[in-house]
Each structure stands twice: as structure tokens, then as C-alpha cells.
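*Asks:* turn this into a model:
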Amino acid sequence: MVAASRERPHRCAQAARAQAARANPACKALAGKPPARKPPERTPRDFRSREPRATRSTQPPARPICYNVACMRGETMAKKKRDLLDEIIDIQNDWNALQHTGDDLVSQLTADPADEVVYNPDDYRERPRANSIYCATGVMRNVNACRRCLDVCPVNAITISGATVRVGDGCLRCGLCVAACPTEVFQIRGNAPLALYDKIARVATAYEQCYVTCTHALDRRPEPNEVLLPCVGIIAPEVWFSLLVEFPNLSVYLPLGICDECETTTGEETYCEAIAAGEEWSGESVGYEVDERDLGREQKRAYKRSQFVSSMTQAGTRLVSRTTPVLAGAQAVANRLKAHSQQITAMQQALDRTVATQGPHARRRVLTRKRRLLMGGLQRYPDLADEMRLEFPMVDAERCTMCGDCEKACTVHALQIDDLGRVHIEQPYCVCCGACAAVCAEDAIRMSARTCEELVVPDEEAEKRARQRARASKARAKSKQTLQKGLDMLEGLADD
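*Replies:* Numbers count the residues shown, from 1 in each chain. Predicted structure coming up:
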């Protein structure tokens, strides 16, 4: 996430400038004008704290640019040529709004206050459940094996006694331990990594801008394009990466100073580090909004067109699509999420065929949900693996005494020692927790940053299709050459 004071020269946060922006979506009136006031001393955090990539331009913009979401949307729509279908969709929306005006007024007058749904932040919070089997600290009875959950919990509600991990009654239900634990000891049904991806992807597919916020930032029920979480820090870096490679329209909405007032004291640092990692791996940026007036609510043009066309084509055969046309657009979103899930499943099956059948721990290896999302993104964009660096364990064979502590500490069974005393580490399954290095008494294991080419699993089906296309292309070229040779012969006979 880019700080407003460094790359965003000014914002349309003030009411007068917002009104001018709405009057002129292209923001031409704002071009070249200095900001009306200096930004506050406490500006939004610069999430991209690491060095930028060489491919990413660091030059300042040629002129001041307005980063208000409504302005960007208007500028984008101005570039897109409207056609008859857009006009029909606007007429339909206006007619529906006029048709239901009376119904909305009657419902408001006759509504029972007791039946009104009241916003309750506790509805979006859930106490995590702990599975002690995968805790390296519990398995090794060594608190130094891994302390990530203990360090991130703002109220010290997590205790590890022997091999048992407990979440105490003082838990704030913020979910930071879920994102911090590399072996996924803590589980929350509604906000698990895959569930978070699906929840955010649904909104990002349908709307021009998707806003991720927390229960402390809102005092109302979320809008359709807002994803409300107990804390933004519940989103792990792997989830941010898998979202950013697919959806460039993600933003975080947190008013200035809101984290200073929150009892989840470690939340701000956690989500800053997670977003910074996701941005560095993907090369994309997360937007940041601090003023609720700047939040856009517009659906994507492609989504509205798909929704309208699908409902019209099915109106004669399916009554549900005619009475509820929004289901047509929702079906397109569901199909996209289903395709993503199928791709991750196919990737895991290919990984099992190539790696997981080797060694005595093959059947016990665990591919965590966060690692599935990370590898799924790399499967679609393998070039990013050359830029991505993670810390994997490196073994010094001269120091290793084959005591087996490192193998015992690896609860996902990515590390194994064969009969010859050689240590094997499977990068796709390694979660980079560092527990093996922490428990090694001989300091034979150290964590070293390495690229992630091994996380890209070869797609046998895609390679097979590529070979078939290459053969077909070669056959077409040969046929074309033969045909051309025949035509040349005919022309030669005709000349004779």
C-alpha cells in the first residue's frame, strides 16, 4: 500500500473538492493544482517498506493526480465507449428504482423496529480453535521452536502447556493468530484462508472497488462492496498475494488514528507487514482510504453487462433469472471461484504425483491452505517465482549429527532424513517457520532466502496441450508449404 504523502500528491477528501470531482469525473479541473492543505503529520503507513522492483517505475507523476476512487472510476468510464446496451441497462435501473420507490416508502412506514437488523460487531468475530498436533512448540516442548502466535496475541490469551495449545477466555477474537501461525494450528471457519479469498474475490469481481475494513472502523452494517473482518491483520501475506495477482481493485478502508484506539494493539503492525509482503511478491499495490465519503459503490461495467445479458437470454426459459436477474451475475462469480478451486486441486494432485510419493513421510505431508493459495497464484503467473524470495532451511552436512530433532519439529513433514543420513527438504511443503533451525543443537540448519521456482508445479495437462498445439501448428505449416509447392508447379505447367 502506498502512502498518500509520497506517491499521491493530493486527495479529494474535502467536500468542495469531492463535489468538483463528481461534477467532472475526469478530474480535469484538478489537474495541475496544488493541494488545498498540507497532509496531516500522521499519514497512512507506507506498506511497501521493502525495495521496489526494477520493473516498477519510481519516477514521480508528471502532474498531480487525483486518487479518489470516484474520480478514477469516472476517468475509466470516460475511456470506455458506451453503447446501446449500456443505455438499456441505465434505463432498466432507473425504471426499477422508480417502480420500487413506493414499496420502499411503505415498508419504512410499516416496519416494526423490533424486526430491524441491528449491527453487532460480535457477529463478525469468532474465537479460534487450536489443533495442537501441528504446533512445533508443543511437539518439541521447546518454546523457542516457534513463538509467532505468542508474540502476535495482543492480550496473551494463548498458552502452550506441554503438547497442548489453549486459547483463553480473554481472547479478543481478532484472528491474528490464524494469519501468524505457519502450520495453521488455529482455525476459524468463516475467516479461514480459502474462505477469505472467496469472500474478497466475490466483491472484487462484481464492483469497481473492493474495500477491506474492520469492525472497529465501521459503526454500521457493511455495504455490498465492503468486506468486514475482525481485524485486517487476519489476512495472511499468501492471501494478499493470491488476491493481488488477480484483482487490482483492492483497497483498505481505515480512518486515520483508528488503530491507535483499538485494543488489538498488534493488529496495525501485522497487517502492514502482510500487505507489504503481498505487494512485493505480486508487484501490485493495495489502495488506502481514510475518508468514508471517498468510497465508491459502483458495480463493474462488465459485471452489469454480463448480468443483464444473462438474465435476458434466460428470461424465456427460467423464471428465476427473470425475477431475480442478479443471480445471473452471481453465477458468473461462482463459476470463477469454482475454476480457481479446481485449479488449486489440480495443482495439488500434480504435486502429489511428482513429490509426495517419495520417502517414508509421503502420506503424512501436509500442504497448508495458505501455501495452496500461494502456489495457485504462482501456477497462473510463474514468472513471479523468479522475483519472490522466501527463507528456506539450508543444511550443513558436516555439522549434522542426524539426531532427528529437526525431523520431529517439522509438523508438516516437509523435512526428512533418509537411511543414508541425508536431509531432504521439499520446498512446496515447507512453510518457512524456522522450527527445524531453532531446535538444532549443532546449528547445522540455517534459514536462507531463496527464489521460489520449485513452488511452480509443472502442469502435465497444459504441457500436453502445448505439445499438441505445436504439432498441429507444424502440420499446418507443412501442409501450407506442400500446397504452395503444388500451386507453383501448376503455374509452371500453365506457363509452358
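
*Asks:* longest helix in the protein, please.
*Replies:* helix 460-495 (DSSP state H).

*Asks:* what pLDDT does residue 87 get?
*Replies:* pLDDT recorded at residue 87 is 62.

*Asks:* for residue 254, same thing?
*Replies:* pLDDT, the model's per-residue confidence, is 93 for residue 254.

*Asks:* now residue 413
*Replies:* At residue 413, pLDDT is 91.

*Asks:* what does residue 454 give?
*Replies:* Turning to residue 454, the model gives it a pLDDT of 87.

*Asks:* quick one, strands of the stretch 51-200 of the chain?
*Replies:* Per DSSP state E, counting those that start in this stretch, the stretch 51-200 of the chain carries strands over the ranges 129-130, 158-161, 164-167, 186-187.

*Asks:* partners of the last one in the sheet?
*Replies:* What that stands for is strand 186-187. Strand pairing for strand 186-187, using DSSP bridges, gives strand 129-130 (antiparallel).

*Asks:* hmm, who's touching the strand it pairs with?
*Replies:* Outside strand 129-130, the residues within contact range by Cβ atoms under 8 Å, 6 or more residues apart in numbering are 158, 165, 166, 167, 185, 186, 187, 188. Using the backbone N, CA and C atoms, a C-beta is placed for each residue, glycine as well.

*Asks:* for PyMOL, write a command that selects the buried ones of those residues.
*Replies:* Those of these that meet the burial criterion (16 or more other Cβ atoms under 10 Å) are gathered into one PyMOL selection, given here:
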select buried, resi 158+165+167+185+186+188
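
*Asks:* closest one to residue 295 among the strands of the stretch 51-200 of the chain?
*Replies:* Proximity to residue 295 (Cβ to Cβ) singles out strand 186-187 among the strands of the stretch 51-200 of the chain, at 31.2 Å.

*Asks:* returning to what we had before: could the contacts of strand 129-130 be laid out in CSV, adding distance to residue 452 and pLDDT?
*Replies:* As requested, the contacts of strand 129-130 are exported to CSV (distance: Cβ to Cβ, whole Å; pLDDT from 0 to 100):
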residue, distance to residue 452, pLDDT
158, 30, 95
165, 29, 94
166, 35, 94
167, 32, 95
185, 24, 95
186, 25, 95
187, 26, 91
188, 27, 91
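
*Asks:* and the residue nearest to residue 234 when sequence neighbours are not counted, how far is that from residue 129?
*Replies:* Leaving out its chain neighbours, the residue that sits closest to residue 234 by Cβ to Cβ, 6 or more residues apart in numbering is residue 175, at 3.7 Å. Using Cβ to Cβ, to the nearest Å, residue 175 is found at 12 Å from residue 129.

*Asks:* returning to what we had before: mind putting the strands of the stretch 51-200 of the chain into a markdown table with distance to residue 220?
*Replies:* Output for the strands of the stretch 51-200 of the chain, formatted as a markdown table (distance: least, Cβ to Cβ, whole Å):
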| stretch | distance to residue 220 |
| --- | --- |
| strand 129-130 | 29 |
| strand 158-161 | 32 |
| strand 164-167 | 29 |
| strand 186-187 | 29 |
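
*Asks:* who wins for proximity to residue 234 among these?
*Replies:* Across the strands of the stretch 51-200 of the chain, residue 234 has its closest neighbour in strand 186-187 (10.5 Å, Cβ to Cβ).

*Asks:* list of residues touching the closest one?
*Replies:* So strand 186-187 is contacted by 128, 129, 130, 131, 149, 167, 177, 178 (Cβ under 8 Å, 6+ apart).

*Asks:* select only the buried ones of those residues in ChimeraX?
*Replies:* Here is the ChimeraX command that selects the buried residues among these (16+ other Cβ under 10 Å):
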select :128,130,149,167,177,178
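
*Asks:* what is the nearest of the contacts of strand 186-187 to residue 194?
*Replies:* Closest to residue 194, out of all of those and judged by Cβ to Cβ, is residue 178, at 12.1 Å.

*Asks:* that closest one and residue 190 touch, don't they?
*Replies:* No. With contacts defined as Cβ atoms under 8 Å, residue 178 does not count as touching residue 190, sitting 10.8 Å away.

*Asks:* what mean pLDDT does the longest helix of the chain have?
*Replies:* On average, helix 460-495 scores 78.

*Asks:* what packs against it?
*Replies:* Taking 3 or more Cβ pairs under 8 Å, 6 or more residues apart in numbering; DSSP states H and E as contact, there are no helices or strands that helix 460-495 lies on.

*Asks:* in that helix, what's buried?
*Replies:* Neighbour-count burial for helix 460-495 [16+ other Cβ under 10 Å]: no residues qualify.

*Asks:* same question for stretch 376-386.
*Replies:* Buried-residue list, stretch 376-386, by 16+ other Cβ under 10 Å: 376, 377, 378, 379, 382, 384, 385.

*Asks:* looking at those residues, which are in helices?
*Replies:* Within the buried residues of stretch 376-386, residues falling in helices by DSSP H are 376, 377, 378, 379.

*Asks:* quick check: the last one vs residue 458, distance?
*Replies:* Residue 379 is 10 Å from residue 458, where distance means Cβ to Cβ.
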